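1. Make a model of this:
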Amino acid sequence: MSPPAESVFVCATPRSGSTLFCEALSATGVAGRPAEYFEALRGTDLPRQPQEYFDELTPELEALLPRFDQQPAPELARSRTYGEYLAWARREGTTPNGVFSAKLMWGYLGEFADRLREVGYAGDSDLDVLAGAFPRPRYIRVVRLGKVEQAVSLWTAIQTQSWRDGETFTDADREPVFHRAAIDHLVRRLTEQEDRWGTLFAAQGIAPLTIVYEELVEHWEVTMRRALRYIGAADADGIELPAPPLRRQSNGRSQSWVERFAGAAALSRSTW
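-> Numbers count the residues shown, from 1 in each chain. Predicted coordinates for the structure are as follows:
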């Protein structure tokens, strides 16, 4: 396969619906194969661990966070240099039409850009560095409007280490526990990361395509075809799309946590 001719980066925050969107893009066969190739942090070669989502850990909070042994991804572990791993990721993420795509979270964008600098790519901003390493980059933001719902989903995933629908818990005995302070922290963190994506793009004069999760689920075909047209896919309006997902309501626990969090927040405001 020849090197990619153009690149697409799906820019998101955790539990925003980006996996749903990326898997749909991949299924079209013309939009690259977007995955989190670059999530491993420089210091550990591992994705962010549960404790690293929080600035301060109280004993109560730390007791709810799993600790487990994890190894670097096999492709990264066997690569002699990061440049070699980068070449693998380019091949893996590129469809036969020459489109490379990957998913990027704000939480590791800076570390990924620094790794690119270490292997010889330069640029004043992180996006400049990406543009040097990947041809003709285009950017798609995936945003979830319901930040409390997103934070509840993230808090559940952090505790269970189940990041995809249908996965079983890593620890079958570990049931997630409601923790208002943790959810509040994650709401603020996710909101801040969304703001930083926006600030970065504005500073660079880049207008990414924005995909709103709630609109993606409600208007599946219209939203997906808009994304394919933005990417520049040939016959974007005629490409066969994967079946839309069933409209999945939050499970009972998640919805009760959202309501519980909102009730606590309302009570707190009433005491001001």
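
2. Show me which residues of stretch 95-112 are buried.
-> Buried residues in stretch 95-112, defined by neighbour count with 16 or more other C-beta atoms under 10 Å: 95, 98-109, 111-112. The way it works is simple: take the backbone N, C-alpha and C, and place the C-beta from them, glycine included.

3. Among those, pick out the one closest to P66, please.
-> G107 (18.5 Å; C-beta to C-beta).

4. For the closest one, which residues are in contact?
-> Residues near G107 by C-beta atoms under 8 Å, 6 or more residues apart in numbering: T13, P14, R48, Q193.

5. Check which residues of stretch 236-255 are buried.
-> Buried positions in stretch 236-255, judged by neighbour count with 16+ other C-beta under 10 Å: A236, P244, S254.

6. Next step: those restricted to strands.
-> Of the buried residues of stretch 236-255, none are assigned to strands by DSSP state E.

7. Filter those residues down to the ones in helices?
-> Counted as lying in helices by DSSP state H, out of the buried residues of stretch 236-255, are S254.

8. now, among the buried residues of stretch 236-255, which is nearest to K147?
-> S254 (13.8 Å).

9. ok now do that closest one, which residues does it touch?
-> Contacts of S254 were listed using C-beta under 8 Å, 6+ apart, and they are E149, V152, S153, T156.

10. what number of residues lie near the second one?
-> Applying the criterion other C-beta atoms under 10 Å, we find 27 residues in the vicinity of V152.

11. Settle this for me: it is touching A182, isn't it.
-> No. V152 lies out of contact with A182 (C-beta atoms under 8 Å); the separation is 10.0 Å.

12. Check the residue nearest to E214 when sequence neighbours are not counted and give its pLDDT.
-> Among residues not flanking E214 along the chain, L145 sits closest, at 5.5 Å (C-beta to C-beta, 6 or more residues apart in numbering). L145 carries a pLDDT value of 97.
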